[in-house]
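In: I need the structure of the sequence given here:
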Amino acid sequence: MQAEERQFLIEQHLQKVEFASLEELSERVDVSVSTVRRDLTLLEAKGALRRTHGGARLVAPKSDEFIFTARDTHQLGEKEAIGQAAAALIQPNQGVIIDSGTTAYHVAKHLGGKASHVITNSLPVANHFGSDNSVEVLVTGGVIYPRLGVLVGPLAVESLSGMHADVAVMSAGGITLDGITNSHALLIDIQRAMLKSAQRIIFCLDHTKFNRRSVSPLCELDVVDTIVTDAQAPADLVDQLKQTGIEVVVAD
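Out: The predicted structure follows:
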């Protein structure tokens, strides 16, 4: 593959996902990490992207798909209902991991003083609890992506290795009987670390995520304890998920 073609594919991929690690881009264009570094240097000189610690991000994304405030306006009523229903599943004084998804943010809004501590890579979640003296908030390290309101990267993943929580409240881009998927490899890396650090796994997924496959696989269904969704979720898939042993809570 010629350098021009590689750089086109790299930029095209970043237009879809906004940010990517060196390893992800290396696999995408099937070259070494050192070659990807050289391509990124050239693309940065053209103003197409900006190099970051361990990867690159797009300078001017064409879509608002990943902007937290824009995503939080989608299915807002369903997210509020899911947030209330999922928060009701948390027992007093439990430690809770909350990921950076907008639906998970609505769970945080309804937790009240139930959680003893909250672990998160979400800046909106951390800010929500910032003035709450009843809960200890642990924020992962990592690279800040302001538009997403999220911390990602190797430092974020590493910071979770010594942490434990009773429950992890997660979000994702899609769910089928083959498993759960999400939109970006860097988000998936930290989500997988969260899955390992929690005793119980709750996924909060509105109906638009059902029968949908996002870009990359996150986990198989056997790691999921509970799924909280809304009343518009397809009944056939809900029934099939229940048959696998997953608890499915349908929010009013």
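
In: residue contacts, residue 135?
Out: 111, 113, 115, 116, 117, 118, 129 (Cβ atoms under 8 Å, 6 or more residues apart in numbering). Any C-beta I mention is one placed from the backbone N, CA and C, and that applies to glycine too.

In: which of those fall within helices?
Out: In helices, judged by DSSP state H, none of these are found.

In: could I have the ChimeraX command that selects the buried members from those?
Out: Filtering the contacts of residue 135 down to the buried ones (16 or more other Cβ atoms under 10 Å) takes a single ChimeraX command:
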select :111,115,117,118,129
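
In: just the contacts of residue 135: which are in strands?
Out: Applying DSSP state E to these, the entries found in strands are 115, 116, 117, 118.

In: which intervals of this structure have sub-threshold pLDDT?
Out: For the chain, the stretches with pLDDT under 70 are 60-75.

In: where is the longest helix in it?
Out: The chain, longest helix under DSSP H: helix 3-17.

In: got the end-to-end distance for stretch 225-236?
Out: From its first residue to its last, stretch 225-236 covers 19 Å (Cα to Cα, to the nearest Å).

In: what's residue 157 in contact with, if anything?
Out: 142, 189, 190, 193.

In: so the second one touches residue 152, yeah?
Out: Yes. Residue 189 is within contact range of residue 152, at 7.5 Å (criterion: Cβ atoms under 8 Å).

In: who's more crowded, the two?
Out: Between residue 189 and residue 152, residue 152 has the larger neighbour count (other Cβ atoms under 10 Å), namely 27 against 18.

In: excluding chain neighbours, what is closest to the more buried one?
Out: residue 186 (4.3 Å; Cβ to Cβ, 6 or more residues apart in numbering).

In: so the one you found is in contact with residue 21, correct?
Out: Yes. Look at residue 186 against residue 21 with Cβ under 8 Å: they come within range, at 5.8 Å.

In: between those two, which one's more packed in?
Out: Neighbour totals were compared for residue 186 and residue 21, and residue 186 leads with 29 against 22 (other Cβ under 10 Å).

In: state the number of residues packed around residue 164.
Out: Neighbours of residue 164 using other Cβ under 10 Å come to 12.

In: ignoring the adjacent residues along the chain, who's closest to it?
Out: residue 197 (5.7 Å).

In: the one you found is in contact with residue 158, isn't it?
Out: No. Counting by Cβ under 8 Å, residue 197 does not reach residue 158; the two are 11.9 Å apart.

In: so between these two, which is more surrounded?
Out: Between residue 197 and residue 158, residue 197 has the larger neighbour count (other Cβ under 10 Å), namely 17 against 14.

In: so what's that one up against?
Out: 97, 119, 160, 161, 163, 164, 165, 168.

In: quick one, phi/psi of the fourth one?
Out: This means residue 161. Dihedral angles of residue 161 (phi, psi; degrees, to the nearest 10) stand at phi -60, psi -30.

In: that older thread, pull up the overlap in contacts between residue 186 and residue 21.
Out: Jointly contacting residue 186 and residue 21 under the rule Cβ under 8 Å, 6+ apart are 55, 153.

In: what residue spans form the domains of the chain?
Out: 3-58, 69-251 (automatic domain parsing).

In: out of those domains, indicate the one that is most buried.
Out: domain 69-251 (a mean of 19; mean count of other Cβ atoms under 10 Å).

In: what's the offset of stretch 176-192 from the middle of its chain?
Out: With Cα atoms, centre = their mean, to the nearest Å as the basis, stretch 176-192 stands 7 Å off its chain's centre.

In: actually stretch 38-52, not the one I typed
Out: 26 Å.

In: and the helices in this protein?
Out: 3-17, 22-29, 33-45, 68-71, 76-87, 102-109, 123-128, 154-159, 185-197, 235-243.

In: can you add distance to residue 138 and give the ones in strands among the contacts of residue 135 back as CSV?
Out: Compiled in CSV, the ones in strands among the contacts of residue 135 are given as follows (distance: Cβ to Cβ, whole Å):
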residue, distance to residue 138
115, 11
116, 11
117, 6
118, 7
